[in-house]
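In: Take a look and give me a structure for this.
(one chain, ligands or ions: 1)
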Amino acid sequence: MTTGKLTSQEIIAMNREYTFFSWSVQNQTVPIPMVKAEGIYFWDADGKRYLDFSSQLMNMNIGHQHPKVIKAIQDQAATLAFAHPGVATIPRGLLGKKLAEVTPGNLKKTFFALGGAEANENAIKIARFYTGRNKILARYRSYHGATHGAIALTGDYRRLPVEPTMPGAVHFLDPYCYRCPFGWTIETCHRECINHVEEIIGYEGPDKIAAIIMEGVTGSNGLLVPPDDYWPRIRQICDKYGILLISDEVMSGWGRTGQWFAVDNWGVTPDIITTAKGITSGYVPLGAVIVTDKIADFFEDKMLWAGLTYNGHPLACATAVATIEVYEEDGLLENARKVGKHLGQQLEAIKAKHPSVGDVRYIGLFSALEIVKNRKTKEPIDPLTAVQKVLRAEGLFTFNFHNILFVVPPLCITEMQLDEGLAIIDKALGVTDAMVEG
Ligand SMILES: Cc1ncc(COP(=O)(O)O)c(C=O)c1O
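Out: Numbers count the residues shown, from 1 in each chain. The predicted structure follows:
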């Protein structure tokens, strides 16, 4: 079958010959030649349909090709496609005001960037200017972006090949209850993961630390939902030492957990929220750094040493305004909570059935299955290439990080559609069940 004048083979060949694919050894890439999409589905150039169980890259929260957002993009492009970052525009103002409304507490003023990494770069600068301190604490099981500063904050293996990175990043251990780094179980836990942060602050010097940055709920590093007192207690520690608290809501924001932002689940107001992805549902690139009124006031009579040609891009801001309206009008946060409850029940049933599923973790429509060879030793099955092969053949598209398989569908998904995808995962897990030892 041809698409326009190009066959699927020609699309792939041209992409591979002339463009780099990220995080890949180039000759190992096997890209799907994607040509159209709608709602929770997309199609390749041969007409094969895929159920999108990772919302592309955990960003298309409203689903593909929502007519309201497409129209907003078309209208804005026809009116004012671009404006100098120093001029005032209607979409930029409207979006800033809307962000002040949907973010918690006294978070008020936004610096716009182009994506998550850039948002974090600028949050680092703002935190350093505001506190006059240098160090930033972040967690090991984290991803904050691929640019120089954001990758320094990133705790996972993607930092190592590009070191040395930005100085001043210090890492601490995670609330990873399935594999507690301190050796506790749920029953014996006494929150060593929180006490440990305060101990590190002591060693690093509280007056040297500008901020602690954490993902609202850890995304790509394993969908780690913290215990209920984790965020509130880290907030208290930050207050005690005058350290700013930054919630990276690039992946966990925008209804993904059933709330606007993951921190809303625990009633915590960070000093800074960084976000991207779901703010426009990926339709147009946009990142945002939203700060409290107090931090905003600081820059009233001091220079904000930050800038981007595309800061406050009208097309991106108009897209975000329409996207936020879709979250509200289509009741997507409510749907994430409702279908999320069903998802949790179904994942528990899958775990009960499949010996290769060591753990399932979920909050809203943000979830993952951890695949192991042996439930006692918790030895991972990694890579999940054989599982991905079955999923792709059966028309299910999703993301895995080592042995962790994600179920992160668009928030407009119904229970029936969700079950359709989970049935494919159920089938694919036959492959890993056969690898179980002991
Ligand atoms: C939590 C988190 N922060 C930051 C980023 C970086 O965002 P971007 O890829 O838009 O630069 C990501 C990307 O996946 C992310 O998940």
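In: which ones are touching Cys180?
Out: Shown in contact with Cys180 (C-beta atoms under 8 Å, 6 or more residues apart in numbering): Cys189, Glu192, Cys193. C-beta: built from backbone N, CA, C; applies to glycine.
In: How about Ala37?
Out: Trp43, Asp52, His64, Gln65.
In: Just the pLDDT at whichever residue of the stretch 251-400 of the chain sits closest to the ligand, thanks.
Out: Scanning the stretch 251-400 of the chain for proximity to the ligand using C-beta to the nearest ligand atom identifies Met251 as nearest, at 3.7 Å. Met251 is assigned a predicted lDDT (pLDDT) of 98.
In: hang on, it packs against Asn221?
Out: No - using C-beta atoms under 8 Å, Met251 makes no contact with Asn221, being 10.3 Å away.
In: Identify the contacts common to these two.
Out: Common contacts of Met251 and Asn221, defined by C-beta under 8 Å, 6+ apart, comprise Glu215.
In: hmm, back to that, filter the contacts of Cys180 down to the buried ones, PyMOL style.
Out: With 16 or more other C-beta atoms under 10 Å as the burial test, the buried ones among these are selected in PyMOL as follows:
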select buried, resi 192+193
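In: Name the nearest of the contacts of Cys180 relative to Asn106.
Out: Using C-beta to C-beta, Cys193 is the member of the contacts of Cys180 that lies nearest Asn106, at 27.7 Å.
In: can you give me how far stretch 125-133 is from the chain middle?
Out: 24 Å (C-alpha atoms, centre = their mean, to the nearest Å).
In: An error on my part: the question was meant for stretch 31-43.
Out: Worked out by C-alpha atoms, centre = their mean, stretch 31-43 lies 21 Å from the chain centre.
In: Any buried residues in that stretch, and which?
Out: Ile32, Pro33, Val35, Ala37, Gly39, Ile40, Tyr41, Phe42, Trp43.
In: Report the backbone C-alpha coordinates of it in PDB.
Out: Extracted C-alpha coordinates of stretch 31-43, given in PDB (Å, rounded to 0.1, in the frame of the first residue of the first chain):
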ATOM      1  CA  PRO A  31      10.300   2.600  13.500                       C
ATOM      2  CA  ILE A  32       6.600   2.200  12.800                       C
ATOM      3  CA  PRO A  33       5.700   4.300   9.700                       C
ATOM      4  CA  MET A  34       2.900   6.200  11.400                       C
ATOM      5  CA  VAL A  35       0.500   8.100   9.100                       C
ATOM      6  CA  LYS A  36      -2.700   8.900  10.900                       C
ATOM      7  CA  ALA A  37      -4.300   8.800  14.300                       C
ATOM      8  CA  GLU A  38      -7.500   9.400  16.100                       C
ATOM      9  CA  GLY A  39      -8.500   9.100  19.800                       C
ATOM     10  CA  ILE A  40      -6.600   6.200  21.300                       C
ATOM     11  CA  TYR A  41      -5.600   4.600  18.000                       C
ATOM     12  CA  PHE A  42      -3.000   5.300  15.300                       C
ATOM     13  CA  TRP A  43      -2.300   3.600  12.000                       C
END
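In: hmm, back to that, Met251 and Asn221: who's more crowded?
Out: For Met251 versus Asn221, neighbours defined as other C-beta atoms under 10 Å are more numerous around Met251 (27 against 21).
In: Check which helix or strand that one maps to.
Out: Under the criterion of DSSP states H and E, Met251 resides outside all helices and strands.
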